[in-house]
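> The following comprises the amino acid sequence and a computationally predicted model.
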Amino acid sequence: MTALDQLVRPDRYPRSSRYDPAWLLGLDMGPNPLWLLEDLARDLDLRPGMRVLDLGSGKGATSVFLAREYGVHVVATDWWVGADEAAAVFAEAGVSDRVDAIRAEAHVGSCVPVDSWVWQRPR
């Protein structure tokens with residue numbers, strides 16, 4: 001069994017185990033983000049068409065997962081990963097119609113006004 005094989009655990013993480021482990025490692029910035037998100041999502045009522053702010057989205061693995069697995073529209077925002085780099089990941093994953101990338105600092109109050117959802121998708 002290789003280290004990559006250990007990332008596939010369909011018994012505990014059925015959704016995220018369908019993702020290529022090598023792809024996930026290429027986007028990794030810490031602990032397995034899909035496992036963390038799959039655990040968290042069990043307590044959320046995510047439904048297709050909902051809008052989700054993925055704050056600190058990194059290279060985009062969690063945003064791809066949210067769009068594919070739950071059919072939500074995601075605004076992926078990160079300070080350290082540029083919007084162009086993230087958008088390329090979303091296009092390659094086939095979710096660019098459901099995931100928008102922006103670069104923003106989470107600690108600054110003017111980041112994204114989510115309560116009023118004023119942010120507009122670039123054209």
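Now that the structure is in, tell me what you want to look at.

> could you pull out the strands for this protein?
51-55, 73-78, 99-103 (DSSP state E).

> which of those strands sits most buried?
strand 73-78 (a mean of 24; mean count of other CB atoms under 10 Å). Where you see a C-beta, it was placed from the backbone N, CA and C, and this is true even at glycine.

> returning to what we had before: okay, the strands of the chain in CSV with mean pLDDT and distance to residue 32 next?
Output for those, formatted as CSV (pLDDT from 0 to 100; distance: least, CB to CB, whole Å):
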stretch, mean pLDDT, distance to residue 32
strand 51-55, 91, 16
strand 73-78, 93, 18
strand 99-103, 93, 20
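
> Turn the ones you listed into CSV, columns for distance to residue 24.
Output for the strands of the chain, formatted as CSV (distance: least, CB to CB, whole Å):
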stretch, distance to residue 24
strand 51-55, 16
strand 73-78, 16
strand 99-103, 16
